[in-house]
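In: sequence plus the predicted model coming up.
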Amino acid sequence: MSRPKNSGITGLQPAGAPAAPIAPGVTWPSAGGTGALSGPVLTGTVLEVRDLCVQYATDAGTVTAVDRVSFDLDAGEFLGIVGESGCGKSTLLFGIAQLLSPPAAITGGSVSFKGASLVGMTDKQLAVLRWKDMSVVMQSAMNALNPVKSIGAQFKDAMRAHGVRSSAQIAGRSAEVLRMVGIDPEHLKSYPHQLSGGMRQRSMIAMALLFTPDLVIMDEPTSALDVVAQRSLMVQVKELQEQLGFAVIFVTHDMSLVSHFSDRLMVMYAGQVAELGATRQVFDSPLHPYSAGLLDAFPSIRGPRVPLTGIPGRPPDLARLPDGCRFAPRCPKVMAACTARPPDLYQVDGVLVRCVLHSGAVSDD
């Protein structure tokens, strides 16, 4: 499938250092989904994000937390988004799902879901899509679930909001989705505090699948779980995705967590896309020094022992961005060109990378 070309950036001028445009000739690669749907098969692009910009209003002025992020997501595709705390991952997801609240606001760009623009939709219009066509699994299920309602009652509320009135149908579907995530339907009577952390997260995923949506957005759903529970949950999410065919956007701090599950990987730094490409390609041959640094910060269970180097320094203050490349003050490969101007996104063998080391790789320039 061909992708729209992005010849430059227009619109909002963010606070701080200006963002670099996408290099001329660069298109947005997409992996293409392979999951099978139980009903009619949704094909093609399910989500298009173009030059999305989210700003926070502060006493000192506006701060751009998401700076002209663009990507496509195909039906049945699994996109992982990684980066350090404060890089804009969760803000990006909230912007896509139209869940931002003041002082945050979308100030530029577009989000198109199944051909319809989400930006500017009213709450009533969005309510028609939520749960049924697009679901969100929050980072902390204990905070997202209503503590004074049973799991079954919360499933019932979601289904009734979309016109399901039959008690038998509600009970049947609620039991079915709980079984899908490995929980006994007996726990429909349980309250959130009566479940373990893993069961609460599975309950949230079950709730997200009540209507078999086309897109499930997951904001660090494994962050409160131990490593065994994390892998178990990820295996289950992937199995459900392949069974039902929904697309996934999965945000995490842990690159190793998505290494075997995502089709593509987006690495974010200081509100921008640092690298975007096929997961295996990014892991095997990271092009951006930041991506390489993140990988070097995780121990390998195979091969000889090597010291964990980590990344020196800390992410920049988004209100006072450095000149040129935002990663330059921490980059082991920094050179004069890095601080001269903000780097473009360059395309190298199907991977997008924001680094001047690859400035000669754009074939359509």
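Out: Yep, it's here. Numbering: from 1, shown residues only.
In: all helices for the stretch 1-150 of the chain, in order.
Out: Along the stretch 1-150 of the chain, the stretches classed as helices by DSSP state H, counting those that start in this stretch are 89-96, 123-129, 141-144.
In: of all the ones you listed, which lies closest to Val334?
Out: Val334 lies closest, by C-beta to C-beta, to one member of those: helix 89-96, at 24.3 Å. Using the backbone N, CA and C atoms, a C-beta is placed for each residue, glycine as well.
In: which neighbouring elements make contact with the closest one?
Out: When contacts are defined as 3 or more C-beta pairs under 8 Å, 6 or more residues apart in numbering; DSSP states H and E, helix 89-96 packs onto strand 45-58, strand 61-74, strand 78-82, strand 104-113, strand 215-219, strand 247-252.
In: out of those strands, flag the one nearest Met204.
Out: strand 215-219 (9.1 Å).
In: got the helices of the stretch 1-150 of the chain as TSV, with mean pLDDT and mean neighbour count columns?
Out: Formatted as TSV, the helices of the stretch 1-150 of the chain follow (pLDDT from 0 to 100; neighbours: other C-beta atoms under 10 Å):
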stretch	mean pLDDT	mean neighbour count
helix 89-96	96	23
helix 123-129	94	12
helix 141-144	82	16
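In: how about those in JSON lines, adding distance to Val227?
Out: Shown next, in JSON lines, are the helices of the stretch 1-150 of the chain (distance: least, C-beta to C-beta, whole Å):
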{"stretch": "helix 89-96", "distance to Val227": "21"}
{"stretch": "helix 123-129", "distance to Val227": "35"}
{"stretch": "helix 141-144", "distance to Val227": "18"}
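In: can you get me a residue count around Pro213?
Out: Applying other C-beta atoms under 10 Å, we find 21 residues neighbouring Pro213.
In: got the helices and strands packed on helix 89-96 as TSV, with distance to Asp296 columns?
Out: Shown next, in TSV, are the helices and strands packed on helix 89-96 (distance: least, C-beta to C-beta, whole Å):
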stretch	distance to Asp296
strand 45-58	29
strand 61-74	25
strand 78-82	14
strand 104-113	32
strand 215-219	26
strand 247-252	17
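In: among these, which comes closest to Ala97?
Out: strand 215-219 (5.6 Å).
In: contacts for stretch 291-301 next, please.
Out: Residues from elsewhere that reach stretch 291-301 (C-beta atoms under 8 Å, 6 or more residues apart in numbering): 82-83, 254-256, 267, 274-275, 282-283, 286, 306, 308-311, 330, 332.
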